[in-house]
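Quick one, structure for this:
(4 chains)
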Protein chains: 2
Amino acid sequence: MRITAQEKDATRQRIVEAARALFRQHGFEAATTRQIARAAGIATGTLFNYFPNKEDILGQMAGQAFAQARAVFAKQVVAADLEEELFALVAAELRQLKPLRKLMDGLFETVLCPLATARGDGAEVSLRVAHLEIVDSIARKHGLPEISPLALQIYWALYTGVLSFWASDTSSKQEETLALLDQSLHMFSAWLRGTAGTPQ
Amino acid sequence: MRITAQEKDATRQRIVEAARALFRQHGFEAATTRQIARAAGIATGTLFNYFPNKEDILGQMAGQAFAQARAVFAKQVVAADLEEELFALVAAELRQLKPLRKLMDGLFETVLCPLATARGDGAEVSLRVAHLEIVDSIARKHGLPEISPLALQIYWALYTGVLSFWASDTSSKQEETLALLDQSLHMFSAWLRGTAGTPQ
DNA sequence: TTTATTTTATGAGCGCGCTCATTTTACCGC
DNA sequence: GCGGTAAAATGAGCGCGCTCATAAAATAAA
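Numbering: from 1, shown residues only, chains lettered A, B, ... in the order given. Have a look, this model is predicted:
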């Protein structure tokens, strides 16, 4: 029973869309994998042939949003300095993630949790690594030598801090999140400039 | 069946000690509430008369460690500046938390997760609020006007970043964590000084 | 076409955290 | 002592995420 790649992808996407609807309606925790499977027209067990666990379904949705954000970001005008460009990057991500905002708690448990450092389970790492690679490339473009692992660690802490604040930011246009992001990046890039010359 | 407060406390502590042993032996996830209850000499259901959920048992253990750390910190010599004093505070916490280091993943899911901001479920908030209150009092003691909610948000992001890095820091004396803490606090306090005079 | 082989789908079943109707226990006034 | 009462303990049971032995389906070999 060999099946074409497109058929598999179609099923995967059916699962994701079924999950999207149920997550929106009931929330991440309350929506059950049995419901999702039923809505996607497959058996419960089959769902786990396509995704290793429930959280990775949400991870897939988030991954698509992040990919979209990167695409949007890639073709927009280059900002003047590092700080502004990082701001634009994260702002683009938030814009794409907006429909998933209320589901972010489901993502923080493993995919975006700061602990995602060293366990290397797959999706969680790829989201982190993918983002940090862009950050690194932006920094390089602005003439910074190389961002140390420690600096990336600090950046990631601030980044997840912004995301988690945003997840429960109910202000109309998320101005509070943008203020937090602005200040975080301001502090970070000032610190980066300050330690650029020092050894390590 | 009225029971004295000390009897309740004794049972609570028996549960915590049983859980401590089983968590250490099997890890947080693998140790089951049935095992813990059996080891503590009570029925499964009874356990949930003493703790609302499994994670709060670990939360209790962590809470005791944090309280101990605060006690140690309170009676040590005052550091010269804000940065050093915050460093001493967190270092004291890490020292007390050391036996729980491998269990930290169980704590990050809700108790220490950056999301703990606005949900206000109890233990998670009290750990956060308790720590931030000490930070605030230290800052005041060093003549800083008042730490804005935004600044506290940034501090908490950095703090949880340090804790989560530490949770999987296998270097012998956690030097890498201490370096991260040092740099994080250096950046934060420099930023604090820089924005102290500016309007918000 | 028939048989063998491999891939995919299936859903009963497992152990989990946790609940709740019921039973047991400790204390009161008499 | 002895019911009455309220607090606390109990464990069968629930629904969950997830597994895995089995069935079904698709291809390859004959």
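
Which parts of chain A are helices?
A:5-26, A:33-40, A:44-50, A:54-74, A:82-97, A:104-108, A:123-141, A:149-167, A:175-195 (DSSP state H).

OK, now which residue of chain A is nearest to DNA strand C?
residue A:45 (1.5 Å; Cβ to the nearest atom of the strand). From N, CA and C alone the C-beta is placed, and that goes for glycine too.

roughly how far apart are that residue and residue B:112?
35 Å (Cβ to Cβ, to the nearest Å).

These two: which is more packed in?
residue B:112 (26 against 9; other Cβ atoms under 10 Å in any protein chain shown).

Apart from its neighbours in sequence, what residue is nearest the more buried one?
residue B:160 (5.9 Å; Cβ to Cβ, 6 or more residues apart in numbering or on different chains).

Reformat the helices of chain A as CSV; add mean pLDDT and distance to residue B:57.
Output for these, formatted as CSV (pLDDT from 0 to 100; distance: least, Cβ to Cβ, whole Å):
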stretch, mean pLDDT, distance to residue B:57
helix A:5-26, 92, 28
helix A:33-40, 98, 27
helix A:44-50, 98, 30
helix A:54-74, 96, 23
helix A:82-97, 96, 34
helix A:104-108, 87, 21
helix A:123-141, 86, 26
helix A:149-167, 95, 24
helix A:175-195, 95, 33
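
Residue B:78: which of the ones you listed is closest?
helix A:175-195 (26.1 Å; Cβ to Cβ).

Kindly report the residues of chain A close to chain B.
Within chain A, the positions near chain B by Cβ under 8 Å from any Cβ of the partner chain are A:104-105, A:108-109, A:113-115, A:117-119, A:150-151, A:153-154, A:156-158, A:160-162, A:164-165, A:167-168, A:176, A:179-180, A:183-184, A:186-188, A:190-191, A:194-195.

just the buried members of these?
Among those, the ones that count as buried by 16 or more other Cβ atoms under 10 Å in any protein chain shown are A:104-105, A:108-109, A:113-115, A:117, A:150-151, A:153-154, A:156-158, A:160-162, A:164-165, A:167, A:176, A:180, A:183-184, A:187-188, A:191, A:195.

Residue A:143 versus residue A:60, what's the distance?
36 Å.

Name the nearest residue to residue A:11, sequence neighbours excluded.
In space, residue A:11 is closest to residue A:50, 6.3 Å off (Cβ to Cβ, 6+ apart).

my guess is that neighbour contacts residue A:13, does it?
No - between residue A:50 and residue A:13 there is no contact under Cβ atoms under 8 Å: 9.9 Å.

Between these two, tell me which one has more neighbours.
residue A:50 (20 against 14).

contacting residues around the more buried one?
A:8, A:11-12, A:15 (Cβ atoms under 8 Å, 6 or more residues apart in numbering or on different chains).

and residue A:100, how many neighbours?
Residues near residue A:100, counting by other Cβ under 10 Å: 20.

residue contacts, it?
A:58, A:61-62, A:65, A:107 are the contacts of residue A:100 under Cβ under 8 Å, 6+ apart.

sorry, back to before: make a PyMOL selection of the buried ones in the contacts of residue A:50.
Command for PyMOL that selects the buried part of these, burial taken from 16+ other Cβ under 10 Å:
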select buried, chain A and resi 11+15
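
can you redo the contacts of residue A:50 as a markdown table with distance to residue A:40?
Shown next, in a markdown table, are the contacts of residue A:50 (distance: Cβ to Cβ, whole Å):
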| residue | distance to residue A:40 |
| --- | --- |
| A:8 | 13 |
| A:11 | 7 |
| A:12 | 9 |
| A:15 | 5 |
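
restrict the contacts of residue A:50 to contacts with DNA strand C.
A:8, A:11 (Cβ under 7 Å from any atom of the strand).

got JSON lines for the contacts of residue A:50, with distance to DNA strand D too?
Formatted as JSON lines, those follow (distance: Cβ to the nearest atom of the strand, whole Å):
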{"residue": "A:8", "distance to DNA strand D": "12"}
{"residue": "A:11", "distance to DNA strand D": "13"}
{"residue": "A:12", "distance to DNA strand D": "15"}
{"residue": "A:15", "distance to DNA strand D": "12"}
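
of the contacts of residue A:50, closest to residue A:128?
Distances from residue A:128 to the contacts of residue A:50, taken by Cβ to Cβ, are shortest for residue A:12, at 22.3 Å.

what's the closest non-adjacent residue to the closest one?
Residue A:12's closest residue in space is residue A:50 (Cβ to Cβ, 6+ apart), at 5.3 Å.

Only alpha carbons, please: show stretch A:128-135 as CSV.
The C-alpha coordinates for stretch A:128-135 follow below in CSV (Å, rounded to 0.1, in the frame of the first residue of the first chain):
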residue,chain,number,x,y,z
ARG,A,128,14.3,27.8,17.7
VAL,A,129,17.2,27.1,15.4
ALA,A,130,15.4,28.6,12.4
HIS,A,131,14.7,31.8,14.2
LEU,A,132,18.1,32.1,15.7
GLU,A,133,19.7,31.5,12.3
ILE,A,134,17.8,34.5,10.9
VAL,A,135,18.9,36.6,13.8
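
Off-centre distance for that stretch?
10 Å (Cα atoms, centre = their mean, to the nearest Å).

same check, this time on stretch A:97-106
10 Å.
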